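Peer 1: I would like the atomic coordinates for the input below:
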Amino acid sequence: MVMFQVSDLAGARRREFLDEAKRSSASLRDTDGSVLIMLAAQRIAALHEAVAVTTQLFTAEAVLARTSAPTPVELGGLAWLAEFDADDRAEALAEIRNAVVLTVASEDPAPLREALHAWVTTAAVMRDSARRAVHIGSVEDSEFVEVDAPRSSNDG
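Peer 2: Residues are numbered from 1 along each chain as shown. Sure, this is the predicted structure:
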């Protein structure tokens with residue numbers, strides 16, 4: 001990593017500094033000797049979100065290690081996990097862990113945001129008893145009927 005000086009920002013190396021920051025990161029040594037790092041905002045967002053969700057994962061996993069019937073309060077930021085049975089909770093946590101890894105590896109928060117959105121939406125559906133019954137209820141053969149294939153209409 002190239003180390004830039006504060007004076008570089010006022011001179012011809014400013015563009016080089018910015019290009020380096022966009023590409024990966026750029027280090028800047030201030031006149032007092034401290035070093036600052038410039039990163040693209042998307043990369044910072046990805047790292048911040050990954051850290052926050054990882055902390056929530058640790059909390060949820062600790063709770064689930066000691067009880068099979070956690071309350072939303074115990075699950076903290078992942079309170080919506082309480083809507084699921086143990087298998088679905090395990091699947092959700094596995095997908096979120098994978099999304100954290102993808103987010104960090106790609107330096108893009110999109111995989112994590114997408115996984116969380118999908119599971120939060122599913123939890124909202126499961127919160128409604130009528131919808132829950134449709135999704136997890138048993139299916140009887142009598143609930144199915146034969147239908148004819150669609151025919152094209154000749155409106156003219």
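Peer 1: tell me the gap between the longest helix seen in the chain and the middle of its chain.
Peer 2: Secondary structure of the chain per DSSP state H: the longest helix is helix 41-66. From the chain centre to the centre of helix 41-66 is a distance of 9 Å (CA atoms, centre = their mean, to the nearest Å).
Peer 1: which residues touch the residue nearest to the spatial centre of the chain?
Peer 2: Closest to where the C-alpha atoms of the chain average out (CA atoms, centre = their mean) is L112, at 1.8 Å. Shown in contact with L112 (CB atoms under 8 Å, 6 or more residues apart in numbering): A46, E49, A50, V53, I96, A99, V100, L102, T103. Glycine gets a C-beta too; all of them are placed from N, C-alpha and C.
Peer 1: M3 now?
Peer 2: M3 touches S27, L28, R29, V35, counting by CB under 8 Å, 6+ apart.
Peer 1: who wins for most neighbours among those residues?
Peer 2: With neighbours defined as other CB atoms under 10 Å, the most crowded of these is L28; it has 17 neighbours.
Peer 1: confirm that that one sits in a strand.
Peer 2: Yes. Assigned with DSSP: H, G, I helix; E, B strand; the rest coil, L28 falls within a strand.
Peer 1: now it: how far from T103?
Peer 2: 26 Å (CB to CB, to the nearest Å).
Peer 1: lovely, talk soon.
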